[in-house]
Each structure stands twice: as C-alpha cells, then as structure tokens.
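Asks: I would like to see how this sequence folds:
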Amino acid sequence: NGWFRTGDLFRRDGEGWYFYQGRADAMCIINGNNVYPAEVELTLMQHPDVADALVLPLISRSGKLRLGALVCIRAGSRSDSTQLMDFYLAHGALHAVPAWVTLCEVMPRNTAGKVDRVHAARLLQQDYQSRHVLSATTRIAG
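Replies: Residues are numbered from 1 along each chain as shown. Got it, this is the predicted structure:
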C-alpha cells in the first residue's frame with residue numbers, strides 16, 4: 001500500500017512531528033517495558049563529558065535482562081559511572097535506566113570503523129559479572 005518497511009521506529013507527537021526511536025530489532029523488554037537502546041544512548045550523549053555511548057542488553061546472574069552502557073568519556077574528564085548514572089536518572093526515562101555503566105577510553109571498532117557490537121557486548125557483560133554491584137533500579141527504590 002505504498003509503504004516500505006525499513007525496521008526503523010518513529011513516534012509522532014501531537015503536532016505531527018516524527019522522532020526517530022531506534023530499530024525494531026534493537027528493542028529490549030526490560031521489566032515488561034519496551035526499551036530502545038538508542039533512546040538511552042541519546043540521553044547519555046547529552047552529558048558534556050560523554051564522547052560516545054553504546055547501550056546493550058545484559059544478562060543478570062538471576063537470568064533477567066538488564067541494560068548496560070559502554071561509555072567513552074572525553075579526555076581530561078573526571079566523570080565516573082556514578083555521576084553518569086545520576087545524570088541519566090535526572091534526564092532519562094526511569095523504566096530504561098541502565099543497570100550498569102562501564103567506562104572506556106575508546107569504543108571498540110571493527111576494521112570498517114563501525115562499532116564492534118559483539119566485542120563491546122562481551123566487554124560489558126564481563127565487567128558487569130566481575131564487578132556486579134547494586135543496580136540503578138535498586139538505588140532508586142532504596
């Protein structure tokens with residue numbers, strides 16, 4: 001019927017403007033909520049010390065799906081993962097709070113210069129499992 005399905009997701013506001021929400025295949029269901037990692041990445045990127053951000057699903061020790069963020073901080077910045085989490089809590093959607101933030105100097109990239117999502121996911125999952133702490137959602141509740 002004249003439509004071409006790209007897999008891109010948009011929302012339309014009350015004035016008729018469309019806003020990109022990410023890819024349909026990138027959506028995660030976290031605690032029953034549809035979460036698009038691209039939305040979380042955009043919020044993290046608003047922090048002045050963040051140079052790059054990648055949000056991926058993590059598997060907790062209990063087997064639940066959580067969000068993790070691999071964040072590259074600008075050179076000379078003193079921001080840490082706690083400050084970034086606090087920033088997200090002040091500016092992002094509460095149902096999409098990352099459970100874990102890992103800081104890196106350089107985002108892993110493949111030979112074509114694109115983000116190596118497989119390598120990044122492995123790094124993030126290993127860091128999360130080796131240094132597991134209270135999740136951001138626990139911090140909100142308690």
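
Asks: just the mean pLDDT for stretch 129-142, thanks.
Replies: Stretch 129-142 comes out with an average pLDDT of 50.

Asks: swap in stretch 112-122?
Replies: Per-residue scores along stretch 112-122 average to 90.

Asks: what segments of the chain are strands?
Replies: Per DSSP state E, the chain carries strands over the ranges 8-12, 18-23, 28-30, 33-35, 50-59, 65-73, 100-104.

Asks: take the ones you listed and write them to a markdown table, including mean neighbour count, mean pLDDT and distance to residue 86.
Replies: Every residue, glycine included, has its C-beta placed from N, CA and C. Output for the strands of the chain, formatted as a markdown table (neighbours: other C-beta atoms under 10 Å; pLDDT from 0 to 100; distance: least, C-beta to C-beta, whole Å):
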| stretch | mean neighbour count | mean pLDDT | distance to residue 86 |
| --- | --- | --- | --- |
| strand 8-12 | 12 | 78 | 26 |
| strand 18-23 | 14 | 72 | 24 |
| strand 28-30 | 16 | 85 | 19 |
| strand 33-35 | 15 | 89 | 19 |
| strand 50-59 | 20 | 92 | 13 |
| strand 65-73 | 22 | 93 | 13 |
| strand 100-104 | 20 | 92 | 11 |
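
Asks: so for residue 110, which of those sits nearest?
Replies: The stretch from the strands of the chain with the least distance to residue 110 (C-beta to C-beta) is strand 50-59; that distance is 13.2 Å.

Asks: output the contacting helices and strands for the closest one.
Replies: Under the contact definition 3 or more C-beta pairs under 8 Å, 6 or more residues apart in numbering; DSSP states H and E, strand 50-59 sits against helix 37-45, strand 65-73, helix 117-130.

Asks: let me have the ones you listed in JSON lines, adding distance to residue 28 as columns.
Replies: JSON lines is the format used below for the helices and strands packed on strand 50-59 (distance: least, C-beta to C-beta, whole Å):
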{"stretch": "helix 37-45", "distance to residue 28": "7"}
{"stretch": "strand 65-73", "distance to residue 28": "6"}
{"stretch": "helix 117-130", "distance to residue 28": "12"}
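
Asks: what does stretch 119-126 rub up against?
Replies: Residues from elsewhere that reach stretch 119-126, judged by C-beta atoms under 8 Å, 6 or more residues apart in numbering: 54, 56, 58-59, 68-70, 100, 102, 104, 107-108.
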